[in-house]
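S.K.: Sequence plus the predicted model coming up.
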Amino acid sequence: MGAELVTVSTDTEFVHLAWQREEKELAAVKYKMGADPTGKLSRLFGVYDEASGLALRGTFIVAPDGTLFNSEINFYNMGRNIDELMRKFKANLYLARKTNEGCPSKWKDEGDATLRPGPEMVGRVHEALNP
């Protein structure tokens, strides 16, 4: 899809290595894992918690030109759903091409129903999605 996935945490690269060696859920990980032990990048993205010295769980979809397409911040113990992340990623790619459309919450892939935002859509989203 022309994207690069990078994870970043306040752990060191040695902690990442240990996680990848020991945690079976990470056994097949092929993406880059960035270390941010000083919290500099976490502060830049607004997810660093000064009180604990940890970073909240942030997910950011950033275009190659640096435009932030999507962000989501969760508390430390909240897992993320890769299917929902991929839905948002694909929706952002689609909407970058189709700027006059909107992807509803159940949109999953090109070809699914979209909306055309405007005054006539107010209060009629259900009808537009369920003809």
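M.R.: On my side now, so go ahead. Numbers count the residues shown, from 1 in each chain.
S.K.: need the strands for the protein, in chain order.
M.R.: Assigned by DSSP state E, the chain shows strands spanning 6-9, 32-35, 48-49, 54-55, 57-62, 68-74.
S.K.: Rebuild the ones you listed as TSV, extending it with mean pLDDT.
M.R.: Below are the strands of the chain laid out as TSV (pLDDT from 0 to 100):
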stretch	mean pLDDT
strand 6-9	85
strand 32-35	86
strand 48-49	94
strand 54-55	90
strand 57-62	90
strand 68-74	91
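S.K.: from those strands, which stretch is densest packed?
M.R.: The highest average neighbour count among those, using mean count of other Cβ atoms under 10 Å, belongs to strand 54-55 at a mean of 19. Where you see a C-beta, it was placed from the backbone N, CA and C, and this is true even at glycine.
S.K.: who wins for proximity to W107 among the strands of the chain?
M.R.: Ranking the strands of the chain by proximity to W107 (Cβ to Cβ) places strand 68-74 first, at 13.6 Å.
S.K.: what's the angle between that closest one and strand 57-62?
M.R.: 170 degrees (axes from the mean of the first three to the mean of the last three Cα atoms, to 10 degrees).
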